[in-house]
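K.L.:
heads up, no residue letters with this:
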């Protein structure tokens, strides 16, 4: 107390100027302390502002009238056309033929029925599709459960994931991102409901034949189609497959008529009795180059760009967070991906120095004026630049290699190269890819071969992913049949390859190939070796490879061609344009085929969503013109009623450049056919003469 008194007394004894100075300094210290701003304060304010803005926008979105987006859109672009279902209902169209949807790869939902301890509480919750919430909460557990057994291609021990059933299986891929929902809604407007619509959901990860072995999916599709025909008074079914579902249903049409136990035992006339039309949307009949890059380096165009911008994120070895390696480990157990490897080899896709699409022009920008006149020098320059693109080279190691003449490329064969582990680190087994077993010598041998066409890319995949391709070779084929009457083609591995199987004997059925055009689509790739590490993918798309104005088809290490952003026109259109057109050895009963192309037009504004004239691979499912074509056929129209073929691309010209034996005479060779005919005539003449002389 005495000390405090003394201090107080000392303070009181200060002179007036000193006391004023003391008060001023004290107030400055207080102000300085109050004005200090820390990082925590900044973060709190930032999070608070974001939350306030989010809640405000959410409130406005829920408070505004449902017609407001349409009102704004119409104010900008003018009155919107009626949806196809409304338009055709006004014309008097009503539901007639039952409809079956066949979803493609990744668009169908998958749910958990049995799992390991880390998946506790997820029984019958979607692990694929929906919100993908479990991917963010427990990513390694999610990868473990979405992977299949690397030996059998079926369920791992203790895990069962099964497809979601019903129309909800693939109406939306994620909240707000439609797949089949728009088409279903428009069909409902002319009277369709769940009793005459069926979603043929299946586990898109496993091979087509294994969907029957494990889940009896093919038998269920057969039974449902038969029930729909019977309950509709004998009206045949319209099948609408999308993407990989096109190949799956091609497999089904062979399976259903093949004798048991390999097939469904429906008889040779089952398709003729039950199917009115097969309306294929975005069908990769002959495969897609994107499947090669996905299996080779777990990349496509967009992932390659992200990998180049943030390699430390996608391939970081700290904390066992190697994203790309986990993706490769998972997707290389999905046997269905191998169904989309390019088919037909160099005959279809081109060789080192030629391709069917030679002369294709990639225009970076449309001309600003409406004039179609171009100078002779511009046309010559564009033509010269276009012919430089060698699309037949699906993979080239280096931009310069992609442009060289084949005689200038020095190549070292990789097939006999010695493999060996590059290190003894066993931690890579956590993110195991088959590259771990190749070693430095194997990786170098792959790069030294320089260029891969559709024919040699199969050898490449066998070299870098032997277990994957061993399973794939048991379920899928990629060649061209010489003689389709050969007994070996009765095996199910050929049923999804249109070049090694026949269409059913159903002359009254129609087949449509419906796809978007006008979007740059991946066709070939420029690769480079990626920086080494303990656990890494040694190859990556060289995103620095740009063609510039001289070769606008090359962007970010990817050569582009016309298509729907996923499937090149060649794959989607060739079979209906030439392979199946008329009576051919692939279509002996002469099923009528039609091409329906839809020119891509992006949405006019953000309020239009994904657009009503989109030609993109998935967005085309909301294309009004495509939906109208489907509804008309489901209501009883034929391909001729739609106007026959609808073309915007050069698919007919490109198809003529493919030297494939189409007719029966071509398939055995004109000379052999002529010799066989002479021998048959000689034998008949000899037998007739013998009978005459005997009499």
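P.N.:
The structure has been received and is ready for your questions. The shown structure was predicted, so the numbers you read here are calculated from the model rather than taken from an experiment.
K.L.:
Can you tell me the closest non-neighbouring residue to the one residue sitting closest to the centre of the chain?
P.N.:
The centroid of the chain falls nearest to residue 566 when counting by CA atoms, centre = their mean (5.7 Å). The spatially closest residue to residue 566, leaving aside those adjacent along the chain, is residue 617, at 3.9 Å (CB to CB, 6 or more residues apart in numbering). To be clear about C-beta, it is placed using only N, CA and C from the backbone, and glycine gets the same treatment.
K.L.:
Quick check: the one you found touching residue 567?
P.N.:
Yes. Contact status for residue 617 versus residue 567: in contact at 6.5 Å, counting by CB atoms under 8 Å.
K.L.:
So between those two, which is more surrounded?
P.N.:
The neighbour count for residue 617 versus residue 567, taken as other CB atoms under 10 Å, is higher for residue 567 (27 against 24).
K.L.:
Ramachandran angles for the more buried one?
P.N.:
Per-residue torsions, residue 567: phi -110, psi 120 (degrees, to the nearest 10).
K.L.:
What's the separation between it and residue 459?
P.N.:
From residue 567 across to residue 459, the span is 24 Å (CB to CB, to the nearest Å).
K.L.:
cool, residue 343 as well?
P.N.:
Plainly put, residue 343 is 15 Å away from residue 459 if you go by CB to CB.
K.L.:
Between these two, tell me which one has more neighbours.
P.N.:
Set residue 343 next to residue 459 and count neighbours by other CB under 10 Å: residue 343 wins out with 26 against 15.
K.L.:
Could I get the contacting residues of residue 231?
P.N.:
Neighbour list for residue 231: residue 195 [criterion: CB atoms under 8 Å, 6 or more residues apart in numbering].
K.L.:
Look up the pLDDT of it for me, please.
P.N.:
pLDDT, residue 231: 96.
K.L.:
And it, its phi and psi?
P.N.:
Torsion angles, degrees, to the nearest 10, at residue 231: phi -80, psi -10.
K.L.:
Run through the strands of the stretch 51-200 of the chain in chain order.
P.N.:
Remark: strands assigned in the stretch 51-200 of the chain by DSSP state E, counting those that start in this stretch are 99-102, 110-114, 126-128, 160-163, 172-174, 177-178, 197-199.
K.L.:
most packed of those?
P.N.:
Highest mean neighbour count among the strands of the stretch 51-200 of the chain (mean count of other CB atoms under 10 Å): strand 99-102, with a mean of 24.
K.L.:
neighbouring strands for it, and are they parallel or not?
P.N.:
strand 197-199 (parallel), strand 237-241 (parallel) (DSSP bridges).
K.L.:
export these to CSV and tack on distance to residue 323 and mean pLDDT?
P.N.:
Output for the strands paired with strand 99-102, formatted as CSV (distance: least, CB to CB, whole Å; pLDDT from 0 to 100):
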stretch, distance to residue 323, mean pLDDT
strand 197-199, 32, 97
strand 237-241, 32, 98
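K.L.:
how about these, which one is nearest residue 93?
P.N.:
strand 237-241 (13.5 Å; CB to CB).
K.L.:
what about that closest one, distance to the chain center?
P.N.:
The chain centre lies 20 Å from the centre of strand 237-241; the measure is CA atoms, centre = their mean, to the nearest Å.
K.L.:
Would you mind listing the outside residues contacting stretch 243-254?
P.N.:
Residues from elsewhere that reach stretch 243-254, judged by CB under 8 Å, 6+ apart: 102-105, 107, 200, 202, 204, 208-209, 211, 218, 221-222, 239, 241, 263, 271, 275, 278, 280-285, 336, 339-340, 492, 495-496, 498, 501, 503-504, 566-567, 617-618.
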